[in-house]
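Chemist: quick check, what structure comes out for this input:
(chains A, B, C and D)
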Number of protein chains: 2
Amino acid sequence: MRRQPTVTDVASVAGVSRQTVSNVLNTPHIVRAETRERVEQAIAQLHYRPHASARRLRTRQSETIGVRLDPETDGISGSLLDRFLHALAERAGRAGFRVLLYTAADEPAEIEQFGRLVDGADVDAFVLTSTHHGDTRIDWLIEHEVPFVTFGRPWGVADMTDPEHLWVDVDGRHGLTLATEHVLAAGARRVAFLGWPAGSGTGDDRRAGWRSTMEARTDLSRDELDALDLAVEEDPSDGGVAARPVATIDPPPDAIVCASDSLALGARLALGDRVPIVGYDDTPVARALGLSSVEQRLDEVAEGVLDLLIGAHRGRAGGAEGVDDPQHRLVKPRLVVR
Amino acid sequence: MRRQPTVTDVASVAGVSRQTVSNVLNTPHIVRAETRERVEQAIAQLHYRPHASARRLRTRQSETIGVRLDPETDGISGSLLDRFLHALAERAGRAGFRVLLYTAADEPAEIEQFGRLVDGADVDAFVLTSTHHGDTRIDWLIEHEVPFVTFGRPWGVADMTDPEHLWVDVDGRHGLTLATEHVLAAGARRVAFLGWPAGSGTGDDRRAGWRSTMEARTDLSRDELDALDLAVEEDPSDGGVAARPVATIDPPPDAIVCASDSLALGARLALGDRVPIVGYDDTPVARALGLSSVEQRLDEVAEGVLDLLIGAHRGRAGGAEGVDDPQHRLVKPRLVVR
DNA sequence: CGGTGTTCTTTGATCGATCAAATAGGGCGG
DNA sequence: CCGCCCTATTTGATCGATCAAAGAACACCG
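Modeler: Model (predicted):
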């Protein structure tokens, strides 16, 4: 590893000054075309690459996004974060950003990390993935004016439209509408929903998608719907036992739409392939079982996250033109039919 | 975000010079205890944190490890990388290192990334995860003297003991020995192996574990063993169809040990729970199905990777004392019994 | 008391880039 | 031909830390 060339080296080869080289890299339009070309040749000839740390020291921007890697590796949906990360890293790379990982055991530890990463100019924005109501991390970030975007809506009522809190989320309600309409169109009438107990924002949102579709498209009574609405506590290591209740619905439902692939797997183990089942997340499990599943468009989520972040980063909120709510974005999921 | 305090601020509060503050942070033992204490108080009082980019510019070390996020999100074992990453990020954090993600569509693109990240002083070492025989990335890194460690052995014969190529891997052979002995101890005699076609280093290694155990512990003939040795091409989206051949073994085996949880899922779908099945990787799928599975100790792998990297980083190879081969480390997996 | 180490601390230079302000080179109207 | 403006380029200072070497303080000895 011999010494890297610097702007000064490039400058002397091109017969210009340091600053002109810098201008070619950062504000090419102010450099005369002919000069620019000479500099670019010198850059190519020397294989010059700017020294990122030096630039960051001066500009006070790291162009790096911090993402916490969740400790939760249990649950079949674990690979979701993985896919999201991949989409994020890829798009970030294209936009000239890097993604730095960090871990933290709990919220105070994570806030400690925020401080370290921000003060050290390692990171200039964060993406939070597992947010919850009353999240102290969000308060800290807002208070310290550190840009951030969350993947996931804040389910507290007032927070949802807070313009300081940028978020991107997937429209789970719409996802379950798609799933439910799909099985209805295939001839089912009594479609059951297998989800989690009320109280989780995400779960309730998905349930609402099923319920509203059933109300609109079928003539089932309120009681009949209640009987088809199953809520189970999920335990990733129970071998699908939690989903057993689906087998007790009497008479058996024509189809089942689930709030997760993990629940879908449980239903599949309890019922075999007699009843059509639709999962949620389109994980490898759904693929392996040949189940239809609602796919979260993680690439679009990642794109949204970056749009919002770059918008905020540039001082103004919002990215794409013509979007009604430039601080928040709801991505429509897609049904993968198998 | 008001101006961060700098070493100079700390110095003036503590009544010492910049360099003394720097010494307190980097080489505390050369500072007199009394002075050190005063400086530490000033640091705490001002909430001073060193500016990482400034330090990196001067020291030419980023204390950051680059890891590529694999595009392959298919396959049930997808979450493996996720778990590895988490373990790596966590341990790296403790050792004062950061983990930077990058993506690349193919090998040339990845090598391009190497250049960018190294020249920009963003990263000073890499961890490679999906290596293959004749990997050009490895040649590049060795040629450019960039430290790296691979998770996974190079299966080429000569490469395996190359002292320039540090690697950590999991002893898959041992894993299948554990799995096979487990089902034998439970009373099985004719234990089948469900794996991939010969040619993949990892797959052959696992097969060898099964085969050698069967040869040592049972009186089955060579032909009988061949009949129990199944190799199938795996396609993550086939709904477990690839594994169907397990149902055709005649007479049916007493148990099946698999080269992956994904294959185990296929076997499970083909055979139901009549036959004990042992998977590999201990993914959420195995947990959900209640299957025993061989667990790769990813935390130990991550630890090994860091040991080797830090060793190489400090100029001498190797980490822990008393390890016979300081450039390579083989982690013993563990059988999770369910 | 001067010389000679030791130990601890300070000073000046530097890493590689960008910022801010100054300078050169035209073009053009008066 | 001068003055003015505009554009393209250069110069000096700076970001926040560490390196290398010089300086101060003190003890010990002949």
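
Chemist: partner residues bridging residue A:195?
Modeler: Beta-bridge partners recorded for residue A:195 (DSSP bridges): residue A:231.

Chemist: I should have written residue A:328 there, sorry.
Modeler: Beta-bridge pairing for residue A:328 (DSSP bridges): residue A:167.

Chemist: ok, it - contacts?
Modeler: By CB atoms under 8 Å, 6 or more residues apart in numbering or on different chains, the residues touching residue A:328 are A:153, A:160, A:161, A:166, A:167, A:168, A:169. The way it works is simple: take the backbone N, C-alpha and C, and place the C-beta from them, glycine included.

Chemist: and whichever residue of the stretch 101-250 of chain A sits closest to DNA strand C, backbone torsions?
Modeler: For the stretch 101-250 of chain A, the residue closest to DNA strand C is residue A:121, as judged by CB to the nearest atom of the strand, at 11.7 Å. With angles defined as degrees, to the nearest 10, residue A:121 sits at phi 60, psi 30.

Chemist: same deal with residue A:54?
Modeler: phi -60, psi -40.

Chemist: roughly how far does the nearest residue to it once chain neighbours are set aside sit from residue B:276?
Modeler: For residue A:54, ignoring the flanking residues on the chain, the nearest one in space by CB to CB, 6 or more residues apart in numbering or on different chains is residue B:57 at 5.0 Å. Applying CB to CB, to the nearest Å, the value for residue B:57 to residue B:276 is 59 Å.

Chemist: cool, residue A:105 as well?
Modeler: Note on residue A:105: its distance to residue B:276, by CB to CB, is 37 Å.

Chemist: so which of those two has more stuff around it?
Modeler: Counted by other CB atoms under 10 Å in any protein chain shown, residue A:105 and residue B:276 do not tie: residue B:276 has more neighbours, with 18 against 9.

Chemist: strands paired with the helix or strand that contains residue A:66, and their directions?
Modeler: Element membership of residue A:66, judged by DSSP states H and E, is strand A:64-68. In the sheet, strand A:64-68 lines up against strand A:98-102 (parallel), strand A:125-128 (parallel) (DSSP bridges).

Chemist: show residues contacting it.
Modeler: Under the criterion CB under 8 Å, 6+ apart, residues A:85, A:88, A:92, A:97-104, A:110, A:113-114, A:117, A:122-129, A:309, B:100 lie in contact with strand A:64-68.

Chemist: convert that strand to PDB, retaining C-alpha atoms only.
Modeler: The C-alpha trace of strand A:64-68 is given here as PDB (Å, rounded to 0.1, in the frame of the first residue of the first chain):
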ATOM      1  CA  THR A  64     -23.200   7.900   6.600                       C
ATOM      2  CA  ILE A  65     -26.400   6.500   7.900                       C
ATOM      3  CA  GLY A  66     -26.500   4.600  11.200                       C
ATOM      4  CA  VAL A  67     -28.700   1.600  11.500                       C
ATOM      5  CA  ARG A  68     -29.100  -0.600  14.500                       C
END
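
Chemist: need the next SSE after it, C-terminal direction.
Modeler: Of the helices and strands lying after strand A:64-68 in sequence (DSSP H and E), the nearest is helix A:78-94.

Chemist: for DNA strand D, what's the nearest residue on the stretch 151-300 of chain A?
Modeler: With CB to the nearest atom of the strand as the measure, residue A:164 is the residue of the stretch 151-300 of chain A nearest to DNA strand D, at 25.7 Å.

Chemist: tell me if that residue really is in a strand.
Modeler: No: assigned with DSSP: H, G, I helix; E, B strand; the rest coil, residue A:164 falls outside any strand and is coil.

Chemist: ok so, going back, number of residues surrounding the residue nearest to residue A:54?
Modeler: The local packing of residue B:57 (other CB under 10 Å) involves 19 other residues.

Chemist: swap in residue A:244?
Modeler: When counting by other CB under 10 Å, one arrives at 15 neighbours for residue A:244.

Chemist: ditto for residue A:34
Modeler: 8.

Chemist: please tell me how far it sits from chain B.
Modeler: The gap separating residue A:34 from chain B is 27 Å, by CB to the nearest CB, to the nearest Å.

Chemist: ok, residues contacting the strand or helix carrying that residue?
Modeler: Element membership for residue A:34, per DSSP H and E: helix A:33-46. With contacts defined as CB under 8 Å, 6+ apart, helix A:33-46 is touched by A:5, A:9-11, A:13-16, A:20-21, A:24, A:28, A:31, A:48.

Chemist: got the CA coordinates for the helix-or-strand element of chain A with minimal mean pLDDT in PDB?
Modeler: Least confident element among the helices and strands of chain A, by mean pLDDT, DSSP states H and E: helix A:284-289 (a mean of 81). Taking Å, rounded to 0.1, in the frame of the first residue of the first chain, the C-alpha atoms of helix A:284-289 are listed here in PDB:
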ATOM      1  CA  PRO A 284     -38.500 -18.000   2.600                       C
ATOM      2  CA  VAL A 285     -40.900 -20.100   4.600                       C
ATOM      3  CA  ALA A 286     -43.900 -19.100   2.500                       C
ATOM      4  CA  ARG A 287     -41.900 -19.700  -0.600                       C
ATOM      5  CA  ALA A 288     -40.800 -23.200   0.700                       C
ATOM      6  CA  LEU A 289     -44.400 -24.000   1.700                       C
END
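
Chemist: what is the subsequent helix or strand relative to it?
Modeler: For helix A:284-289, the following helix or strand on the C-terminal side (DSSP H and E) is strand A:292-295.

Chemist: does the helix or strand following that next one reach chain B?
Modeler: Downstream of strand A:292-295, the next assigned helix or strand under DSSP H and E is helix A:298-313. No: Helix A:298-313 lies apart from chain B when judged by CB under 8 Å from any CB of the partner chain; the minimum separation is 9.2 Å.

Chemist: what angle do helix A:78-94 and helix A:298-313 make with each other?
Modeler: In terms of direction (axes from the mean of the first three to the mean of the last three CA atoms, to 10 degrees), helix A:298-313 departs from helix A:78-94 by 50 degrees.

Chemist: in helix A:298-313, which residues are buried?
Modeler: For helix A:298-313, burial by neighbour count (16 or more other CB atoms under 10 Å in any protein chain shown) applies to A:298-313.

Chemist: quick one: low-confidence ranges for the stretch 1-150 of chain A?
Modeler: The stretch 1-150 of chain A contains residues with pLDDT under 70 at A:1-2, A:72-79.

Chemist: what parts of it come near DNA strand C?
Modeler: A:3-4, A:6-8, A:18-19, A:21-22, A:25-26, A:48-51, A:54-55, A:57-59 (CB under 7 Å from any atom of the strand).

Chemist: helices - which of these land there?
Modeler: If you go by DSSP state H, these have A:7-8, A:18-19, A:21-22, A:25-26, A:54-55, A:57-59 in helices.

Chemist: which bits of chain A sit near DNA strand D?
Modeler: Residues of chain A lying near DNA strand D (CB under 7 Å from any atom of the strand): A:11, A:15-20, A:23, A:30-32, A:34-36, A:54, A:57-58, A:60.

Chemist: identify the residue spatially nearest to residue A:84, adjacent ones excluded.
Modeler: That would be residue A:298: by CB to CB, 6+ apart, it lies 4.6 Å from residue A:84.

Chemist: same question for residue A:124.
Modeler: Closest to residue A:124 by CB to CB, 6+ apart is residue A:62, at 5.1 Å.

Chemist: touching, the one you found and residue A:122? I think so.
Modeler: Yes: between residue A:62 and residue A:122 a contact is recorded at 5.9 Å, counting by CB atoms under 8 Å.
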